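Participant: Quick one, structure for this:
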Amino acid sequence: MSKAHRGKGIRDQVSRGRDECPVCKRTGVKLLYEQDAGEGKPKIKVCKICRAAIKHGKKAVPAV
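Facilitator: Below you'll find the predicted structure:
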């Protein structure tokens, strides 16, 4: 099984993939999951918890 969202696969990203999540506004979390922001908009990176919440309809993608 691939472990792409762990240490070795994220070393080349800025700050090891950590920043503030645009959905839940938590800081210091890994933003490793791309989420479609809508038609004609670029994809945004969100945290693991927000990715699952968006998938199940609990949260919405913010307007960037």
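Participant: mind listing the helices for the chain?
Facilitator: Counting by DSSP state H, the chain forms helices over residues 48-55, given from the N-terminal end onward.
Participant: residue nearest the centroid of it?
Facilitator: residue 46 (1.8 Å; Cα atoms, centre = their mean).
Participant: If you drop the residues flanking it in sequence, what lies closest to it?
Facilitator: Take residue 46 and drop its neighbours on the chain: the residue closest to it by Cβ to Cβ, 6 or more residues apart in numbering is residue 35, 4.9 Å away. For glycine as for every other residue, the C-beta is placed from the backbone atoms N, C-alpha and C.
Participant: ok, that neighbour to residue 22 distance?
Facilitator: Taking Cβ to Cβ, to the nearest Å as the measure, residue 35 falls 9 Å from residue 22.
Participant: which residues do those two both contact?
Facilitator: Overlap between the contact sets of residue 35 and residue 22, as judged by Cβ atoms under 8 Å, 6 or more residues apart in numbering, is given by 44, 46.
Participant: before we move on, back to that, return the distance of the residue nearest to the centre of the chain relative to residue 63.
Facilitator: Where residue 63 is concerned, residue 46 sits at a distance of 14 Å (Cβ to Cβ).
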